[in-house]
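In: Output the structure for:
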Amino acid sequence: MIVAMLGPFLSVLDATVVNVSLSSLATELHSSLSVIQWVASGYLLSLALMLPLSGWLVDRVGARKLYICFFSAFTIASALCGLAWSANSLIGFRVLQGIAGGLLAPMAQMMLARAAGPRHMVKVMGYAAVPVILGPLLGPVLAGAILQHSSWRWLFYVNVPVGVLAVALSILFLPKDEMEVIARRLDFVGFLLLSPGLVAFLYGFDHLKDLTSPYILGVAVVLIGLFLFRARKKGARALMNLSLFRGKTFAAAATTQFLANGVSLCFQVLVPLYLIEGCHVSPQKAGFLLAPLGVGMMCSYPLVGEFAHRFGIRRVSAAGALLTALATAPFIYMGRSGLFMYPLLATLFVRGIGQGAIGIPSLSAAYSAVPKKDLPMATTTLNILQRLGGPIVTTAATIVIDWKGANGAQFFHFPLSAAFIFLTALQGLLVLSAFRLPMRIEHRQEMSLDSRKEALEALPD
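Out: Numbering: from 1, shown residues only. Modelled structure (predicted):
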């Protein structure tokens, strides 16, 4: 578990480190902020580009080999980023780094799901999430220390020794899975429809104020719509098997994952806006004030498995969703009235606890609801939904902010109050979705290859 989570940890850490260093990179590379922001955007879009291929690649190559190959490529790309001589070269190397890093989290999730099995799924996933939570907490601290005492190039060079060590440990400790490899043909047409569609969709939502955004979103909707129409006909031979959603447990878990990721990322965008724009807090202080959110999540993650075993997946996940909704509601008042330091810190800590209790039980339920052979396809589907949730919910909230800013009703003294009302209402839907999860994970027994052969031989002619 420790070795498998090194890849996702570095991937998340790298995104966070760069996000808080864009202004410094623009100065060092003599570039404008509008250009240098593609160092972050290009990385995130290239992550989405590779997601649809993850299921097919695992079936053809195996999760272990794929993880080692892409982790090696991520480490090499990190070194190239450190050697970049201009903004354009850095953006290009970051795209390569994102293509390699995009599969590290799905591969780690898949290997952990296979190793844990239904019995230990929730507990293992809960512990495995802690390193990924550390990434956003350590990222700003690490970036500040590097930029203060060394060159910006060490933002990327720091990955190289850790990556080399992690690849060596992966070769030594990760379980071999060659027996799980399936010779499945690539749905190439589906890939040409879905990957560009996802990238265009995420780009269009991220640049919604641009004049070209409606056209880009229109193209994205057409491409994704054609993919869904085609995938429904191809069934299990498609790049994504839509028949997985026929299972009530998987459908409920996937919906919960989509909403949970959406409200989580949206909240992490709205609160800094509230602190910096509404309360005139410095960005450095705002980052410090957000720390209780991550601390709360770290406190709840290791305990989620025990609570789910004792009280049931549905109760734990729904209670977490309800707790996040209750902890978001005070921001409706604070958005109009200003900064209340101690209530803010307490509310963020409570929300972090609730937020940490939603995702792991629902993710574990989703993995346990599908046969072992369908884990690659389930991982692809869940990761795509997680990627889409954040931009869709965040953009919807910013539309609310812009609308209130233009038409500002007297009831709201600050447009973010309307956005927090919208987010609280959306979290009500998350509570309802969590209540559709199963109470317990079914301990399905997977048949070995020899057992399948014996069963087939026992069938009458």
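In: Would you mind measuring from the residue lying closest to residue 274 once chain neighbours are set aside to residue 347?
Out: Once flanking residues are discounted, residue 274 sits nearest to residue 416: 5.2 Å by Cβ to Cβ, 6 or more residues apart in numbering. Backbone N, C-alpha and C define where each C-beta goes, glycine included. Distance, residue 416 to residue 347, by Cβ to Cβ, to the nearest Å: 15 Å.
In: likewise residue 29?
Out: Look at residue 29 and residue 347: by Cβ to Cβ, they are 39 Å apart.
In: These two: which has the busier surroundings?
Out: Higher neighbour count among residue 29 and residue 347: residue 347, with 22 against 18, using other Cβ atoms under 10 Å.
In: Now the more buried one. Its backbone dihedrals?
Out: Recorded main-chain torsions at residue 347 are phi -70, psi -40, according to degrees, to the nearest 10.
In: ok, it to residue 276 distance?
Out: Relative to residue 276, and taking Cβ to Cβ, residue 347 is found at 18 Å.
In: Where does the prediction get shaky in the stretch 251-400 of the chain?
Out: Confidence mapping of the stretch 251-400 of the chain against pLDDT under 70 gives the ranges 277, 283-284, 286-287, 391.
In: Do you have the helices of it handy? List them.
Out: 283-289, 291-311, 313-328, 330-337, 341-356, 359-368, 375-407 (DSSP state H, counting those that start in this stretch).
In: out of the ones you listed, which comes closest to residue 145?
Out: For the helices of the stretch 251-400 of the chain, the distance to residue 145 is smallest for helix 283-289, at 13.3 Å, taking Cβ to Cβ.
In: re the thing from before, quick one: pLDDT of the residue nearest to residue 274?
Out: Residue 416 is assigned a pLDDT of 74 by the prediction.
In: Kindly report the same for residue 430.
Out: Reported pLDDT for residue 430: 90.
In: now do residue 222
Out: For residue 222, pLDDT reads 91.
In: what's near enough to touch it?
Out: With contact taken as Cβ atoms under 8 Å, 6 or more residues apart in numbering, residue 222 is in contact with residue 197.
In: surely residue 110 meets residue 373?
Out: No: counting by Cβ atoms under 8 Å, residue 110 stays clear of residue 373, with 11.9 Å between them.
In: between those two, who's got more neighbours?
Out: More crowded of residue 110 and residue 373, by other Cβ under 10 Å: residue 110, with 28 against 12.
In: how close does that one sit to residue 63?
Out: For residue 110, the distance to residue 63 - Cβ to Cβ - is 5 Å.
In: shared neighbours, the two?
Out: Contacts common to residue 110 and residue 63, judged by Cβ under 8 Å, 6+ apart, are residue 376.
In: Name the secondary structure element that contains residue 56.
Out: Element membership of residue 56 [criterion: DSSP states H and E] is helix 54-61.
In: Now do residue 160: how many residues are near it, please.
Out: The burial count for residue 160: 15, using other Cβ under 10 Å.
In: quick one: the helices in the stretch 51-200 of the chain?
Out: Secondary structure of the stretch 51-200 of the chain (DSSP H, counting those that start in this stretch): helices located at 54-61, 63-82, 87-101, 104-149, 154-157, 159-173, 188-206.
In: right, and residue 255 touches residue 434 too?
Out: No: between residue 255 and residue 434 there is no contact under Cβ under 8 Å: 9.3 Å.
In: of the two, who's got more company?
Out: Set residue 255 next to residue 434 and count neighbours by other Cβ under 10 Å: residue 434 wins out with 28 against 21.
In: which residues does the nearest residue to residue 15 once chain neighbours are set aside contact?
Out: Among residues not flanking residue 15 along the chain, residue 43 sits closest, at 6.3 Å (Cβ to Cβ, 6+ apart). By Cβ under 8 Å, 6+ apart, the contact set of residue 43 is 14-15, 18, 94-95, 97-98, 101.
In: From those, keep the buried residues only.
Out: 14-15, 18, 94-95, 97-98, 101 (16 or more other Cβ atoms under 10 Å).
In: tell me which of those residues is nearest to residue 297?
Out: residue 15 (17.2 Å).
In: Give the other helices and strands that the helix or strand containing residue 9 contacts.
Out: Secondary structure from DSSP H and E places residue 9 in helix 2-19. Counting contacts by 3 or more Cβ pairs under 8 Å, 6 or more residues apart in numbering; DSSP states H and E, helix 2-19 packs against helix 38-50, helix 63-82, helix 87-101, helix 104-149, helix 154-157, helix 159-173.
In: May I have it as PDB, with CA atoms only?
Out: The C-alpha coordinates for helix 2-19 follow below in PDB (Å, rounded to 0.1, in the frame of the first residue of the first chain):
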ATOM      1  CA  ILE A   2       2.800   2.400   0.900                       C
ATOM      2  CA  VAL A   3       4.700   1.700  -2.400                       C
ATOM      3  CA  ALA A   4       1.600   2.000  -4.500                       C
ATOM      4  CA  MET A   5       0.600   5.300  -3.100                       C
ATOM      5  CA  LEU A   6       3.900   7.000  -3.800                       C
ATOM      6  CA  GLY A   7       2.900   7.600  -7.400                       C
ATOM      7  CA  PRO A   8      -0.400   9.400  -6.700                       C
ATOM      8  CA  PHE A   9       1.200  11.300  -3.900                       C
ATOM      9  CA  LEU A  10       3.900  12.700  -6.200                       C
ATOM     10  CA  SER A  11       1.400  13.500  -8.900                       C
ATOM     11  CA  VAL A  12      -0.900  15.500  -6.500                       C
ATOM     12  CA  LEU A  13       2.100  17.200  -4.900                       C
ATOM     13  CA  ASP A  14       3.500  18.200  -8.200                       C
ATOM     14  CA  ALA A  15       0.200  19.800  -9.200                       C
ATOM     15  CA  THR A  16       0.000  21.700  -5.900                       C
ATOM     16  CA  VAL A  17       3.600  22.900  -6.000                       C
ATOM     17  CA  VAL A  18       3.200  24.400  -9.400                       C
ATOM     18  CA  ASN A  19      -0.200  26.000  -8.800                       C
END
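In: sorry, back to before: which residues touch the helix holding residue 56?
Out: Under Cβ under 8 Å, 6+ apart, the answer for helix 54-61 is 66, 69, 102-103, 106-107, 110, 181-184, 186-187, 239-240, 376-377, 379-381, 383.
In: Going through the residues you listed, which ones are buried?
Out: 66, 69, 102-103, 106-107, 110, 187, 239-240, 376-377, 379-381, 383.
In: related to what we said a few turns ago, help me confirm that the residue nearest to residue 274 comes into contact with residue 271.
Out: No: using Cβ under 8 Å, residue 416 and residue 271 do not qualify as a contacting pair, with a distance of 9.2 Å.
In: who touches both of the two?
Out: Common neighbours of residue 416 and residue 271 are listed as residue 331 (criterion: Cβ under 8 Å, 6+ apart).
In: Adding distance to residue 313 and mean pLDDT, write the helices of the stretch 51-200 of the chain out as a markdown table.
Out: Shown next, in a markdown table, are these (distance: least, Cβ to Cβ, whole Å; pLDDT from 0 to 100):
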| stretch | distance to residue 313 | mean pLDDT |
| --- | --- | --- |
| helix 54-61 | 24 | 74 |
| helix 63-82 | 25 | 90 |
| helix 87-101 | 30 | 86 |
| helix 104-149 | 7 | 73 |
| helix 154-157 | 39 | 88 |
| helix 159-173 | 29 | 91 |
| helix 188-206 | 29 | 79 |
